[in-house]
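K.L.:
Provided below are the primary sequence and the corresponding predicted coordinates.
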Amino acid sequence: MTRKQSDHIRAANEELLVRGNDAAATDYFAEDYVVHLTGQDRVGLELVAGFVRSVRRSFPDLTVEVEILVGFKDRVSWQRTLRGTHKAPFQGFPATGRKMVWRDMLVSRFEDGVIAEEWASSDLAEQLLRARA
């Protein structure tokens, strides 16, 4: 891992998730970006921009704290803590109006200076289920 990679991750979170600039996805991710989620792989740069639009619409006051855990060569392991008020439906969960806090764990693989592949896990669904109870 280089300092440049950790700065890239922080800048991507700030520009995309905090500022909501979904068009900036091309600055941070490869065109053929792949994300490995629990039980599924998704491919394509548009899914990054779509996620940004969706999460910002549902959590308009979103803030993100990034913690770099460890890196080796082309990969960086990191986590982020996200905070925001759930003001609109998100992935089938109706808006709760509650302030939410959740964490994502990621491993990002870099290629040619951008993120080409990620492995991601999140506890957002668990937090949304708790908020409904």
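P.N.:
Sure thing, it's come through. Residues are numbered from 1 along each chain as shown.
K.L.:
Check what contacts the longest helix seen in the chain and list those residues.
P.N.:
The residue-count maximum for a helix in the chain (DSSP state H) belongs to helix 46-58. Contacts to helix 46-58, defined as C-beta atoms under 8 Å, 6 or more residues apart in numbering, come from residues 16-17, 20-23, 25, 28-29, 33, 35, 62, 84, 86-91, 95. Quick note: C-beta positions are derived from backbone N, CA and C, even for glycine.
K.L.:
please redo it, this time with the cut-off set to 10 Å
P.N.:
Helix 46-58 is contacted from outside by 12, 15-26, 28-29, 31, 33-35, 42, 44, 62, 82, 84-91, 93, 95, 100, 115, 118, 124, 128, using C-beta atoms under 10 Å, 6 or more residues apart in numbering.
K.L.:
Okay, and which of these map to strands?
P.N.:
29, 31, 33-35, 42, 82, 84-85, 100, 115, 118 (DSSP state E).
K.L.:
if we can go back for a sec, just how off-centre is the longest helix of the chain within its chain?
P.N.:
Centroid separation between helix 46-58 and its chain, computed with C-alpha atoms, centre = their mean, to the nearest Å, is 9 Å.
K.L.:
How far away from the center of its chain is whichever helix or strand comes after that helix?
P.N.:
Toward the C-terminus, helix 46-58 is succeeded by strand 63-72 as the next helix or strand (DSSP states H and E). Mean-position distance between strand 63-72 and its chain equals 11 Å (C-alpha atoms, centre = their mean).
K.L.:
quick one on the thing from earlier: any chance of the ones in strands among the contacts of helix 46-58 in CSV, with neighbour count, distance to residue 50 and pLDDT too?
P.N.:
Formatted as CSV, those follow (neighbours: other C-beta atoms under 10 Å; distance: C-beta to C-beta, whole Å; pLDDT from 0 to 100):
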residue, neighbour count, distance to residue 50, pLDDT
29, 24, 12, 97
31, 11, 15, 95
33, 21, 12, 97
34, 17, 15, 97
35, 20, 12, 96
42, 14, 10, 94
82, 22, 17, 97
84, 21, 18, 97
85, 16, 21, 97
100, 19, 20, 94
115, 23, 16, 97
118, 19, 15, 97
